[in-house]
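*Asks:* Here is my input, please return the structure:
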Amino acid sequence: MSWSSVANRYFVFVWAICSLARAGTESTNVRGVIHDPEHRPVEGAQVTLDCRDPAFSEVRQSDANGEFVMESAPESSCSITVAKQGFDALTQDIDIAAGKTAILHLQLQIEGVKQTIEVSGAAARLANQTSTVQTLVSSQQIAQTPGADQTNSLSMITDFTPGATMVHDMLHMRGGHQENWFFDGIPVINTSIAANVAPLINPKNVEELEVERGGYSSEYGDRTYGFFNVVTPSGFDRDNEADLVLAGGNFYSTDDQLSVGGHTQRFAYYASVDGNRSELGLLNPTPQVIHDQESGVGGFLSLLYNAGPKDQFRLISSVREDHYQVPNTQDQQDSGIRDTNVEQDRLVGFHWTHSFSDGILFTLAPYFHYNQAHYLGGPNDTPYILDDNDRSDYFGGRAVLQIQRKRHNARIGTEIWGEKDNAFFGLTANPAVSTPLAQSEKHGANSDAIFLEDQYKATSWLTLDLGLRLTHYGGLINENATDPRVGAAIRIPRLGWTLHGYYAYYYQPPPLNSLSGPLLQFAVTQGYGFIPLPGERDIQHDFGLTIPVRGWSLDVDNFHTSARNFLDHDAVGNSGIFIPLTDLGAIVAGTEVSLRSPRLFHTAEWRVSYSNQTAQGMGPVTGGLLEDAPIGTFWLDHDQRNTLSTVLSLTLPRGFWGSCVYSFGSGFLDGNGPQHLPPHSSADLSIGKHFGENWSLSANAENIGNERYLLDTSNTFGGTHVVNPRQIYGELRYRFHF
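*Replies:* Residues are numbered from 1 along each chain as shown. Sure, this is the predicted structure:
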């Protein structure tokens with residue numbers, strides 16, 4: 001063998017040994033993106049990587065896209081810390097595997113939101129005044145509170161919000177049932193109040209819920225008794241992961257969802273599909289559950305893209321369809337009555353956020369919303385078979401320019417939307433003795449508004465809110481509104497208490513409901529008439545105090561709402577047509593108290609919501625369905641003086657957790673009053689366990705004592721209602737990679 005051949009083999013052998021040695025100590029890259037709560041990139045954040053074995057430390061700063069790279073990190077268990085002025089510091093443990101690149105998405109939280117409400121500028125959240133009365137509910141609280149994550153449930157609101165109640169299958173807050181819904185800050189316009197009973201969102205798609213009860217920014221109009229903003233999952237918290245939720249219980253119920261999410265450095269997606277079915281749907285008129293099946297399907301999609309350090313784009317889409325059997329009394333069931341109600345909802349919204357420079361932000365949000373409510377009578381209904389089908393299309397958009405300079409946080413913008421309403425009313429006599437009454441009506445409306453406001457920090461302890469909203473509405477009637485809004489927050493030195501108050505005007509565009517032709521003649525024969533509904537005009541004032549003590553937070557608020565043309569609802573005779581009306585006015589006043597504890601003994605968190613209020617109406621009827629209503633004052637059917645809800649959440653050893661809810665109501669109005677129904681209470685319980693990081697199992701019971709009390713006796717959808725019986729269900733959650 002030649003010397004050259006031996007030398008070649010020797011060098012090959014040495015190269016192989018060195019390669020193996022390098023493989024045993026191979027370093028890897030750690031890449032990541034730093035973003036704010038709205039997943040916009042954060043530039044200039046200091047990123048520190050510390051590893052224990054072997055010892056290693058490296059510091060980098062994020063670039064204009066929020067990105068950073070550490071190129072020589074060892075295989076080890078490490079911690080990464082991110083710090084940036086204006087944000088809370090973040091520390092996270094990571095495991096680095098040799099030869100692999102770890103890609104991290106690290107979200108910073110806005111600093112200073114612990115005790116006072118600050119405007120964060122996050123596009124997915126509502127713009128708050130310092131005087132805004134707000135409640136926040138997390139996805140974990142929704143998932144672990146009995147009944148709160150079930151499709152078509154609004155317990156995520158009623159369990160945590162003072163004065164929020166469900167009565168005649170509708171959510172009421174502060175004495176009214178006109179509420180505004182938002183998905184990631186995009187408004188979901190709907191003027192067909194009281195026509196729908198199905199909620200717009202599946203609670204399983206809620207990352208965080210913002211509930212506002214007053215002191216709204218002039219950026220928002222329309223419904224003023226409550227604002228609900230659903231912050232949905234973006235996908236940045238998932239790495240090509242799917243969640244499967246399976247639930248089943250008594251009344252042959254099932255409530256299931258499959259969701260998926262993932263991301264790259266700049267793009268994230270989240271999607272879900274769900275289905276539910278139960279023999280217990282709408283509230284029943286008797287203690288017996290008769291003819292009350294419900295079923296539904298839904299889906300949600302979110303796409304988010306950070307095009308660069310100054311631009312973010314987000315698209316959301318939601319679809320739902322729900323089928324309800326209208327509950328019967330035993331006599332109705334025996335006579336063959338089989339009424340149904342079908343509801344559909346479609347939403348598409350787009351959000352573009354552009355940062356011109358530090359402190360100047362522009363957002364543009366076009367949206368589309370379709371909503372349908374179809375009440376269909378059965379073939380054995382007498383004396384009439386009803387076919388009431390109302391379909392509405394809403395097209396709109398909002399543009400806002402926000403400028404933050406020194407002590408000022410100013411916003412100016414416009415919101416424009418249009419509505420096309422296609423309604424079909426049909427009445428067929430049964431037995432057939434006359435020509436059926438059938439009529440289609442198509443109406444249109446538009447709303448144009450401009451708004452401006454400034455949040456001025458006069459001193460370190462005083463912040464002022466000054467706003468104005470100008471609205472023109474054109475529909476069956478034409479109206480203009482000029483709505484000033486003023487508020488203030490005073491932070492008491494040393495104590496850290498915050499005193500807040502506001503005084504505001506609001507205009508709420510009316511529904512497009514109308515009656516004419518043969519149906520109007522029929523209403524007249526039943527003792528009714530109809531004129532176009534005017535918009536409701538409200539004057540609200542509020543003052544309150546927030547007291548933080550050693551992690552506890554106590555909020556006390558006193559409010560007063562004076563409404564003109566108060567929107568209410570009633571039915572045409574015995575036909576079942578559900579049509580709104582406006583009363584001359586209403587006065588709703590009360591005091592709300594909310595208490596939230598810190599983590600107690602590393603185990604428990606406690607929340608209490610209490611409300612004492614009165615809801616009084618004034619006649620006569622001024623629009624919509626005209627009837628022989630009383631002239632003067634009267635108590636509204638949803639007047640309930642005292643409501644209380646308390647939630648205790650427990651984190652227990654070995655992966656166990658528990659949650660219990662106690663609810664109390666002093667009783668709604670009994671018929672036309674002035675007496676009220678007796679007080680009532682109920683309790684819910686949930687117990688669960690985590691199995692590793694990917695599995696969890698829970699057992700849940702609502703109305704665990706099976707209390708069967710009369711909830712209301714109002715003349716509304718179905719009339720009298722009895723609270724739902726005990727519901728028991730189990731829920732399995734599983735997360736897996738794909």
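
*Asks:* Flag the shaky bits of the protein, pLDDT-wise.
*Replies:* Applying pLDDT under 70 to the chain flags residues 1-28, 98-103, 111-123, 193-195, 516-528, 570-578, 627-630, 714-719.

*Asks:* Mind listing the residues bridging to the residue lying closest to residue 144 once chain neighbours are set aside?
*Replies:* Nearest residue to residue 144, sequence neighbours excluded (CB to CB, 6 or more residues apart in numbering): residue 659, at 5.0 Å. Bear in mind the C-beta positions are built from the backbone N, C-alpha and C, glycine included. According to DSSP bridges, the residues that bridge with residue 659 are residue 649, residue 686.

*Asks:* Near residue 659, how many other residues are there?
*Replies:* The burial count assigned to residue 659 is 23, neighbours taken as other CB atoms under 10 Å.

*Asks:* For residue 607, see how far away it is.
*Replies:* As judged by CB to CB, to the nearest Å, residue 659 and residue 607 stand 11 Å apart.

*Asks:* now swap in residue 597 and tell me
*Replies:* 7 Å.

*Asks:* Then residue 638?
*Replies:* 24 Å.

*Asks:* Check residue 288 too.
*Replies:* 34 Å.

*Asks:* how about the helices in the chain?
*Replies:* If DSSP state H is used as the criterion, the helices of the chain fall at 3-24, 139-144, 155-158, 330-334, 517-525.

*Asks:* can you tell me which residue is nearest the centre of this structure?
*Replies:* residue 230 (3.7 Å; CA atoms, centre = their mean).

*Asks:* That one touches residue 202, doesn't it?
*Replies:* No. In this structure residue 230 lies outside contact range of residue 202 using CB atoms under 8 Å: 9.8 Å.

*Asks:* Now do the shared contacts for residue 659 and residue 607.
*Replies:* 647, 649 (CB atoms under 8 Å, 6 or more residues apart in numbering).

*Asks:* isn't residue 706 right up against residue 725?
*Replies:* Yes. Contact status for residue 706 versus residue 725: in contact at 5.8 Å, counting by CB under 8 Å.

*Asks:* Compare those two (neighbour count), which wins?
*Replies:* Taking other CB under 10 Å, residue 706 and residue 725 do not tie; residue 725 has more neighbours (17 against 12).

*Asks:* wait, what's in contact with the more buried one?
*Replies:* For residue 725, the set of contacting residues under the criterion of CB under 8 Å, 6+ apart consists of 280, 287, 289, 703, 706, 708.

*Asks:* Now the second one: closest residue in space, sequence neighbours ignored.
*Replies:* Distance criterion CB to CB, 6+ apart; nearest residue to residue 287, sequence neighbours excluded, is residue 708 at 4.8 Å.

*Asks:* got it, and the third one?
*Replies:* Distances taken as CB to CB, 6+ apart put residue 280 closest to residue 289, at 5.7 Å, once the chain neighbours are dropped.

*Asks:* returning to what we had before: higher neighbour count, residue 288 and residue 607?
*Replies:* When residue 288 and residue 607 are compared on other CB under 10 Å, the one with more neighbours turns out to be residue 607, at 21 against 15.

*Asks:* Tell me how many other residues crowd the nearest residue to the more buried one once chain neighbours are set aside.
*Replies:* If you skip the residues right next to it in sequence, residue 607 has residue 647 as its closest partner in space, 4.7 Å away by CB to CB, 6+ apart. When counting by other CB under 10 Å, one arrives at 25 neighbours for residue 647.

*Asks:* Next, find the distance separating residue 647 from residue 235.
*Replies:* From residue 647 across to residue 235, the span is 29 Å (CB to CB).

*Asks:* and residue 48, how far is that from residue 60?
*Replies:* Where residue 60 is concerned, residue 48 sits at a distance of 8 Å (CB to CB).

*Asks:* Same question for residue 305.
*Replies:* Distance of residue 305 to residue 60, given as CB to CB: 24 Å.

*Asks:* can you check residue 125 too?
*Replies:* The spacing between residue 125 and residue 60, counted by CB to CB, is 29 Å.

*Asks:* Kindly report the same for residue 286.
*Replies:* With distances taken as CB to CB, residue 286 is found 68 Å from residue 60.

*Asks:* again with residue 144
*Replies:* Between residue 144 and residue 60 the computed distance is 37 Å (CB to CB).

*Asks:* So between those two, which is more surrounded?
*Replies:* Comparing residue 144 with residue 60 by neighbour count (other CB under 10 Å), the higher total belongs to residue 144, at 23 against 17.

*Asks:* just checking, that one touches residue 689?
*Replies:* No. In this structure residue 144 lies outside contact range of residue 689 using CB under 8 Å: 11.4 Å.

*Asks:* Between the two, which contacts overlap?
*Replies:* Looking at what touches both residue 144 and residue 689 (by CB under 8 Å, 6+ apart), the common residues are 657, 698.

*Asks:* so what's residue 564 closest to, chain neighbours aside?
*Replies:* The shortest distance from residue 564 to any residue other than its chain neighbours is 4.7 Å, reached at residue 537 (CB to CB, 6+ apart).

*Asks:* Enumerate every residue touching the nearest residue to residue 450 once chain neighbours are set aside.
*Replies:* Ranked by CB to CB, 6+ apart and with sequence neighbours excluded, the top spatial neighbour of residue 450 is residue 414, at 4.8 Å. When contacts are counted by CB under 8 Å, 6+ apart, residue 414 is found next to 398-399, 448-451.

*Asks:* Over to residue 609?
*Replies:* If a contact means CB under 8 Å, 6+ apart, then residue 609 has 135, 159-164, 592-594, 644-646 as its contacts.

*Asks:* Go again with 10 Å.
*Replies:* With CB atoms under 10 Å, 6 or more residues apart in numbering as the criterion, the residues that contact residue 609 are 135, 158-164, 555, 592-596, 643-647, 663.

*Asks:* same thing with residue 243?
*Replies:* Taking CB under 10 Å, 6+ apart, we find residue 243 in contact with 204, 233, 257-261, 272, 694, 733-736.

*Asks:* how about 8 Å then?
*Replies:* So residue 243 contacts 257-260, 733-735 (CB under 8 Å, 6+ apart).

*Asks:* Now distance to residue 475 too, for the residues you listed, in a markdown table please.
*Replies:* Converted to a markdown table, the contacts of residue 243 look like this (distance: CB to CB, whole Å):
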| residue | distance to residue 475 |
| --- | --- |
| 257 | 38 |
| 258 | 41 |
| 259 | 39 |
| 260 | 41 |
| 733 | 46 |
| 734 | 49 |
| 735 | 48 |
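
*Asks:* so which pair among the residues you listed is furthest apart in space?
*Replies:* 260 and 733 (14.3 Å; CB to CB).

*Asks:* who's more crowded, the two?
*Replies:* The neighbour comparison of residue 260 against residue 733 (other CB under 10 Å) goes to residue 733, with 21 against 17.

*Asks:* what bridges to residue 453?
*Replies:* With DSSP bridges applied, residue 453 shows beta-bridge pairing to residue 411, residue 467.

*Asks:* Can you tell me the number of residues neighbouring it?
*Replies:* Residue 453 has 23 neighbouring residues, counting by other CB under 10 Å.

*Asks:* just residue 405 next, same as before
*Replies:* 10.

*Asks:* and what of residue 471?
*Replies:* 22.

*Asks:* and if you look at residue 157?
*Replies:* Tallying neighbours of residue 157 according to other CB under 10 Å, which is how burial is gauged here, yields 23.

*Asks:* Would you confirm that it contacts residue 165?
*Replies:* No. Residue 157 is not in contact with residue 165 according to CB under 8 Å; the separation is 9.6 Å.

*Asks:* what's near enough to touch residue 202?
*Replies:* Neighbours of residue 202 in contact, by CB under 8 Å, 6+ apart: 151, 257, 272, 274, 298, 300, 320.

*Asks:* what do you get if the cut-off is 7 Å, keeping everything else the same?
*Replies:* Contact analysis of residue 202 by CB atoms under 7 Å, 6 or more residues apart in numbering lists 151, 257, 274, 298.

*Asks:* Starting from residue 336, give me the distance back to the closest residue to residue 368 other than its chain neighbours.
*Replies:* Leaving aside its chain neighbours, residue 368 sits nearest to residue 348 (4.8 Å; criterion: CB to CB, 6+ apart). When CB to CB is the yardstick, residue 348 and residue 336 sit 41 Å from each other.

*Asks:* Perfect, that will be all.
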